[in-house]
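A.B. asks: Sequence and predicted model, in that order:
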Amino acid sequence: MSEALRVGGLVPLTTLDFPGRLACVLFCQGCGWKCRYCHNPQLIPSRGDSELAWADIRAFLEQRVGLLEAVVFSGGEPTLQAALADAIDEVRALGFKVGLHSAGIKPKLLAKVLPRVDWIGFDVKALPEDSALITGVQGSGEANWRSLELLLDSGVDHECRTTVHWHLFDAAKLWRLAERLRATGVERFAVQLVRTARMLDEHLPEARAPYDQQTLWDRLDRLFPSFVLRG
């Protein structure tokens with residue numbers, strides 16, 4: 001690669017980050033958004049204090065050929081790095097399946113890598129008009145939903161997921177988001193309840209979950225062919 005992918009961390013073994021595959025996860029350094037509930041704030045800067053050399057990552061992967069099935073590129077936000085496409089090609093050449101976790105911050109780069117990946121966990125932050133409240137960046141909702149369109153048009157296997165902090169969402173907002181996603185053709189949707197132990201915005205207030213929370217989950221389960229709640 002002319003420019004090495006910047007990687008801020010690695011999980012050597014997981015069964016959770018690529019459905020049905022034994023995988024490792026590469027956490028790409030850098031993110032253009034500052035989601036208030038982000039639980040990996042050390043990955044937001046474009047350069048990190050503990051980056052891993054690509055040569056070392058490649059050596060690790062070469063030793064795992066035949067043991068691991070897949071490599072997942074997560075973040076941060078992988079689609080911010082122009083080196084992502086070449087890194088994916090290297091991983092595929094070793095025989096691994098490729099997963100991607102992305103919010104599609106850069107739709108053009110997402111479009112470039114879509115033909116190269118086998119599965120995507122796609123983060124839908126909120127409805128377009130509500131996204132800046134979460135990301136802190138105007139126009140983030142438009143980019144997020146443009147990338148969702150590209151993903152749905154690509155036919156790549158995927159799951160859409162939304163992280164929920166009840167100070168930033170309420171039941172009505174989440175339901176409107178879900179209806180919009182279903183109308184666009186999303187079939188697999190996961191709600192991830194935020195991890196509050198570590199967040200970028202340490203002053204984000206706690207908020208009480210809706211009293212009829214189970215009713216909301218039941219409605220979402222009926223709306224989508226596949227709905228998952230992750231607490």
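C.D. replies: Structure's in. What do you need?

A.B. asks: For S226, which residues are in contact?
C.D. replies: 187-189 (Cβ atoms under 8 Å, 6 or more residues apart in numbering). The C-beta positions use only the backbone N, C-alpha and C, and glycine is treated the same way.

A.B. asks: Now for those residues, which sits with the most neighbours around it?
C.D. replies: In terms of neighbours by other Cβ atoms under 10 Å, the contacts of S226 top out with F189 at 23 neighbours.

A.B. asks: Name the SS class of it, please.
C.D. replies: strand (DSSP: H, G, I helix; E, B strand; the rest coil).

A.B. asks: Does it touch L177 like I think?
C.D. replies: No - using Cβ atoms under 8 Å, F189 is not in contact with L177; the gap is 9.4 Å.

A.B. asks: list residues touching both of the two?
C.D. replies: With contacts taken as Cβ under 8 Å, 6+ apart, the residues that reach both F189 and L177 are T162.

A.B. asks: which one of the contacts of S226 is nearest A197?
C.D. replies: F189 (24.8 Å; Cβ to Cβ).

A.B. asks: Distance check, the closest one against A178.
C.D. replies: The gap separating F189 from A178 is 7 Å, by Cβ to Cβ, to the nearest Å.

A.B. asks: anything in contact with each of these two?
C.D. replies: By Cβ under 8 Å, 6+ apart, the residues touching both F189 and A178 are 220, 224.

A.B. asks: Tell me the pLDDT of the nearest residue to L193 once chain neighbours are set aside.
C.D. replies: With Cβ to Cβ, 6 or more residues apart in numbering as the criterion, L193 has its nearest non-adjacent residue at 4.9 Å, and that residue is G231. According to the prediction, G231 has pLDDT 84.

A.B. asks: do S2 as well
C.D. replies: If you check S2, the pLDDT there is 55.

A.B. asks: now swap in the one 5 residues further on and tell me
C.D. replies: V7 is assigned a pLDDT of 97 by the prediction.
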